[in-house]
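> I would like to see how this sequence folds:
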Amino acid sequence: MKLLVFAASHRKASVNRKLAKLAADLAARQGAKIDFCEYASLDMPLYDDETYHDQPMPEAAKLFVSKLAAVNGIIIASPEYNWSFPGSLKNIIDWASTATPNPLFGKTVLLLSASPSLRGGAQGLIHLKVPLQALGAFVFPRLFTLSRALEMFDGHALKDAKLNDELVALVSDFIKMASALKPA
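The predicted model follows:
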């Protein structure tokens, strides 16, 4: 089982980056091979039809597509911006959708969000499901949101034992689903 893991945030101290790293560590402990991608490596020009037709796919988009081709599943930890997900992530998805074959089709995706607010980023994840599912990805039915995230991390675990156990179980269940849906 190979997984691509990233946080849709450029901040090195991002709580979503911490959550993505924690999920990656949990998946690795269960035998998954992890490609942890730094979000800055995926910076690319804004997608539009003229750009798409006038020049080749940007190198960062090619990198993302190649990373997708090499994995069975994806774990994304995304911040919530104005009750949705970051525009930069939508841009990455849009560029990837121009590749043939569609690199997201058939991939299993686990969505996570961490936020300093009490809401935890749930609304952003609900919006993020839409383009992923439209491109044929299997979005894991349970989402993980972490509220009050600035105070929740304790090294390689969450301070709240119940939430930590929930995340461990979620990653385990995701790996089982991704393994079952992995093409032969």
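> List of residues touching the helix or strand of the chain with the lowest mean pLDDT?
Every helix and strand in the chain was compared by mean pLDDT, DSSP states H and E; the lowest is helix 49-54, with a mean of 83. Applying C-beta atoms under 8 Å, 6 or more residues apart in numbering, the contact partners of helix 49-54 are 45, 98. Where C-beta positions appear, they are placed from N, C-alpha and C, glycine not excepted.
> Return the alpha-carbon coordinates of that helix using CSV.
Output of helix 49-54 as CSV, limited to C-alpha atoms (Å, rounded to 0.1, in the frame of the first residue of the first chain):
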residue,chain,number,x,y,z
ASP,A,49,-8.3,27.1,-20.7
GLU,A,50,-6.0,29.5,-22.5
THR,A,51,-3.1,28.6,-20.3
TYR,A,52,-3.9,24.9,-20.8
HIS,A,53,-4.0,25.2,-24.6
ASP,A,54,-1.1,27.7,-25.0
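> Run through who's touching whatever helix or strand comes next after that helix.
Using DSSP states H and E, the helix or strand that directly follows helix 49-54 along the chain is helix 59-69. Applying C-beta under 8 Å, 6+ apart, the set of residues contacting helix 59-69 from outside is 4, 35, 37, 41-44, 57, 74, 92, 95-96, 98-99, 103-104, 107.
> got the buried residues for stretch 150-170?
Buried residues in stretch 150-170, counted by 16 or more other C-beta atoms under 10 Å: 152-153, 157-158, 163-164, 167-168, 170.
> Strands along this protein, start to end?
2-7, 33-36, 73-77, 108-114, 138-139, 144-146, 153-154, 157-158 (DSSP state E).
> Quick one: work out the angle between the longest helix seen in the chain and strand 2-7.
Assignment by DSSP state H gives helix 161-181 as the longest helix of the chain. If you take axes from the mean of the first three to the mean of the last three C-alpha atoms, to 10 degrees, helix 161-181 sits at 140 degrees to strand 2-7.
> Give me the distance from helix 161-181 to the chain's centre.
Its chain's C-alpha centre and that of helix 161-181 lie 15 Å apart, by C-alpha atoms, centre = their mean, to the nearest Å.
> Mind giving me the packing neighbours of it?
helix 15-29, strand 73-77, strand 108-114, strand 144-146, strand 157-158 (3 or more C-beta pairs under 8 Å, 6 or more residues apart in numbering; DSSP states H and E).
> Quick check: chain neighbours aside, which residue is closest to the residue positioned nearest the centre of the chain?
The centroid of the chain falls nearest to residue 76 when counting by C-alpha atoms, centre = their mean (1.3 Å). Distance criterion C-beta to C-beta, 6 or more residues apart in numbering; nearest residue to residue 76, sequence neighbours excluded, is residue 111 at 5.7 Å.
> Report whether the expected contact of the one you found with residue 138 is present.
No: at 11.6 Å, residue 111 does not count as touching residue 138 under the criterion of C-beta atoms under 8 Å.
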